[in-house]
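Asks: curious how this folds, go ahead:
(one chain, ligands or ions: 2)
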Amino acid sequence: MENLKFEDMSISKGTKNALKEHNFVEPTEVQEKAIPLAIKGRDLIVQSKTGSGKTLAFLIPIFENLNSGLEAIVLVPTRELAQQVERVARSIGKAHGKRTVVIYGGAPMERQIAGLKGASMVIGTPGRVMDLMRRGYLNLNGIRFFVLDEADRMLDMGFIDDIKWILQKTPKDKQMMLFSATMPPEIISLARRYMKNPEKIILSEDE
Ligand code: ADP
Ligand code: MG
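Replies: Ligands and ions are numbered 1, 2, ... in the order given. Sure, this is the predicted structure:
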């Protein structure tokens, strides 16, 4: 049987062109399962191992559905991950005329604050995101898409209360997607509390 190609999926020409530039032809398994559901607006819990292609599984559906203003936030545990996700987001975003901004601690705030202007998506670590919110530079009132990436690592690093604090500052009515290599009980209870009838995509255990 022929494998599914991005070209044959119900996604925009802009996204398809951006994927072509990276020579991405076929979606990975997690992308094939998650993208159609996420485009329809479903909340998602996705468990699949490192390297399986989770980044595009949430970025593609978000860029397909963005309108205007700051509408998406992606929380990740580390600066390196934030930079990694933002590189991919910038390239897909460009195809849609959307800007992204990356926010993490241990770096001057000025550039991050300037980058927020006109940005459609924030990718950041919880501490600096909270910091910029408290200082009044970052307002999440318009958020329609909320992603927790590497949720298990964020728990291990003690970010659970920060995540809840940030979540409470976003509109109730939004699409939430949670990605993790493992599903400890704390993640399940976070999902129960904050997600609406999430679809579960469980591909494999990491450990
Ligand atoms: P995960 O978040 O699950 O660990 P990533 O999203 O970081 O995985 O992707 C892992 C690697 O696979 C990256 O180098 C990425 O560029 C590559 N990749 C992602 N999707 C595809 C695809 N559809 N085709 C080819 N390579 C891909
Ligand atoms: Mg990842």
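Asks: please pull out the lowest mean pLDDT helix or strand from the protein.
Replies: helix 185-194 (a mean of 93; mean pLDDT, DSSP states H and E).
Asks: now the very next helix or strand once past that helix: mean pLDDT?
Replies: Going down the chain from helix 185-194, the next helix or strand is strand 199-202, by DSSP states H and E. Strand 199-202 carries an average pLDDT of 96.
Asks: just the buried positions in strand 199-202, please.
Replies: Residues of strand 199-202 classed as buried under the neighbour-count rule (16 or more other C-beta atoms under 10 Å) are Glu199, Ile201. For every residue, glycine as well, the C-beta is placed using N, CA and C.
Asks: do stretch 94-104 as well
Replies: Lys94, Ala95, His96, Lys98, Arg99, Thr100, Val101, Val102, Ile103, Tyr104.
Asks: got the CA positions of that stretch in CSV?
Replies: Taking C-alpha atoms only, stretch 94-104 is exported to CSV below (Å, rounded to 0.1, in the frame of the first residue of the first chain):
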residue,chain,number,x,y,z
LYS,A,94,6.5,32.3,7.2
ALA,A,95,4.5,30.5,4.6
HIS,A,96,1.4,31.9,6.3
GLY,A,97,2.7,35.4,6.9
LYS,A,98,2.8,34.7,10.7
ARG,A,99,5.5,35.6,13.1
THR,A,100,6.6,33.6,16.1
VAL,A,101,8.6,34.6,19.2
VAL,A,102,10.8,32.5,21.5
ILE,A,103,11.0,33.3,25.2
TYR,A,104,13.3,31.7,27.7
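Asks: just the strands in this protein please.
Replies: For the chain, the strands defined by DSSP state E occupy 44-47, 72-75, 99-103, 119-124, 145-148, 175-180, 199-202.
Asks: and the nearest residue to Glu186 once chain neighbours are set aside, how far is that from Met195?
Replies: Once flanking residues are discounted, Glu186 sits nearest to Leu155: 5.4 Å by C-beta to C-beta, 6 or more residues apart in numbering. The spacing between Leu155 and Met195, counted by C-beta to C-beta, to the nearest Å, is 16 Å.
Asks: which bits of this protein sit near ligand 1?
Replies: Applying C-beta under 6 Å from any ligand atom, we find that the chain lies next to ligand 1 at Phe24, Glu26, Pro27, Thr28, Gln31, Thr50, Gly51, Ser52, Gly53, Lys54, Thr55, Leu56.
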